[in-house]
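S.K.: sharing a model that was predicted from the sequence below.
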Amino acid sequence: MSDYLLLDIVRNGQVATIELKRLEKHLREKARPGGAQRAAEVGKALNELRDDQSVRVIVITGKDDVFTIPPSSYGHHGNPGGDWDIMTGVTRAVEAMCTIDKPVVAKVNGHAVGFGANLVLACDFIIAREDAIIADHHMSAGELIINGERKGSADHCMVTGDGGSVFAPLKMPMNMAKEYLMLARPFTAKELATMGVVNYAVPAEELDAKTDDIVQRLLKRNPYALALTKRVLNKQMLASFNLVHDASLGYEFLNFYMQTPQAKELGEGRGEDRL
């Protein structure tokens, strides 16, 4: 089994749980790891579990009482090796969620923001604490406040290149997907359950039992029938990935370069005030 810095894999019989570590703790302690590295590790873990014939169901959850909370700043692009790692890491994670045959269950134990929120939307079943907030922070412009703290950068607005453009329009009505992505509107799991996006939004004390109920019911099904049914249903997800992912990720990088101080100085009246 591979070594991971930002997640743990816990196996229990035919169920493997990917536990996402709290990123901000590692940013303080290690200084280096970021959201892009976590995405790369998620993609690597999914592909490892895809090939593990002893695993039939995968659960993704967070440590403690947080699913994912990213840092409130964007990294700096411009290093070819670093940019390559970001692009390939994110792409492999999003692609893995579209192609893995085994059922993947999101156990949303707390707020899911950024890549983690879009990872939740990619899962086959979503069971969440009813008060958990799910939000994409790329276009937040400093307006995304969670537990009294700003999440997402106030300095940049970016196209969501880490899966939101792929998954949100498949799971939400288009007008709500646009509000989710273009205004970085946060939704509670309870709100998303009323829209049919989240399967079950439950009180925190019921999360373990409800998740286990879904997992056990999946284990009673024929694994080949489950895999082939998922493969058919995910054709639409894979088509969305092939259609928009490269563009969204590329435009995110372009957004960054268009909003650097150097780019603004060269704008000559065609900066952020007009197209």
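M.R.: Now that the structure is in, tell me what you want to look at.

S.K.: from here on, just use CA atoms for contacts and neighbour counts.
M.R.: OK.

S.K.: buried set for whichever strand or helix holds Ala112?
M.R.: Following DSSP states H and E, the helix or strand that holds Ala112 is strand 111-113. For strand 111-113, the neighbour count (16 or more other CA atoms under 10 Å) marks His111, Ala112, Val113 as buried.

S.K.: what sits closest to the last one if chain neighbours are left out?
M.R.: Same thing as Val113. In space, not counting the residues next to it along the chain, Val113 is nearest to Ala135; the distance is 4.8 Å by CA to CA, 6 or more residues apart in numbering.

S.K.: which ones are touching the one you found?
M.R.: For Ala135, the contacting residues are Ala112, Val113, Gly114, Ala117, Tyr180, Ala184, Arg185, Pro186, Phe187, by CA atoms under 8 Å, 6 or more residues apart in numbering.

S.K.: next, format those residues as a markdown table and append distance to Leu249.
M.R.: Shown next, in a markdown table, are these (distance: CA to CA, whole Å):
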| residue | distance to Leu249 |
| --- | --- |
| Ala112 | 20 |
| Val113 | 18 |
| Gly114 | 14 |
| Ala117 | 16 |
| Tyr180 | 17 |
| Ala184 | 17 |
| Arg185 | 20 |
| Pro186 | 22 |
| Phe187 | 23 |
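
S.K.: circling back to that earlier point, which residues sit against the following helix or strand past the strand holding Ala112?
M.R.: The helix or strand immediately downstream of strand 111-113 is helix 115-122, counting by DSSP H and E. By CA under 8 Å, 6+ apart, the list of residues contacting helix 115-122 from outside reads 35, 39, 67-69, 94, 97-98, 106, 108, 112, 126, 134-136, 162-164, 167-168, 171, 197.

S.K.: mind doing that once more with 6 Å?
M.R.: Counting by CA atoms under 6 Å, 6 or more residues apart in numbering, helix 115-122 makes contact with Thr68, Ala106, Ile134, Ala135, Asp162, Gly163, Gly164, Phe167, all of which sit outside it.

S.K.: quick one: which of the residues you listed sit in strands?
M.R.: By the criterion of DSSP state E, membership of the contacts of helix 115-122 in strands covers Thr68, Ala106, Ile134, Ala135.

S.K.: re earlier: so which of the contacts of Ala135 is the most crowded?
M.R.: Per-residue neighbour counts (other CA atoms under 10 Å) across the contacts of Ala135 peak at Val113, which has 29 neighbours.

S.K.: would you map the strands across this protein?
M.R.: In chain order, the chain shows strands spanning 7-12, 15-20, 57-62, 66-68, 104-108, 111-113, 125-129, 133-135, 145-146, 149-150, 187-188, 200-202, with DSSP E as the criterion.

S.K.: same list (the contacts of Ala135) but as JSON lines, adding pLDDT and distance to Ile58.
M.R.: Formatted as JSON lines, the entries for the contacts of Ala135 read as follows, by pLDDT from 0 to 100; distance: CA to CA, whole Å:
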{"residue": "Ala112", "pLDDT": "96", "distance to Ile58": "18"}
{"residue": "Val113", "pLDDT": "93", "distance to Ile58": "21"}
{"residue": "Gly114", "pLDDT": "90", "distance to Ile58": "21"}
{"residue": "Ala117", "pLDDT": "95", "distance to Ile58": "17"}
{"residue": "Tyr180", "pLDDT": "97", "distance to Ile58": "27"}
{"residue": "Ala184", "pLDDT": "94", "distance to Ile58": "28"}
{"residue": "Arg185", "pLDDT": "95", "distance to Ile58": "28"}
{"residue": "Pro186", "pLDDT": "95", "distance to Ile58": "26"}
{"residue": "Phe187", "pLDDT": "97", "distance to Ile58": "25"}
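
S.K.: ok, so of those, who is nearest Ile86?
M.R.: For Ile86, the nearest member of these is Gly114. The distance, counting by CA to CA, is 14.5 Å.

S.K.: tell me the contacts of Glu19?
M.R.: Leu7, Asp8, Thr61, Gly62.
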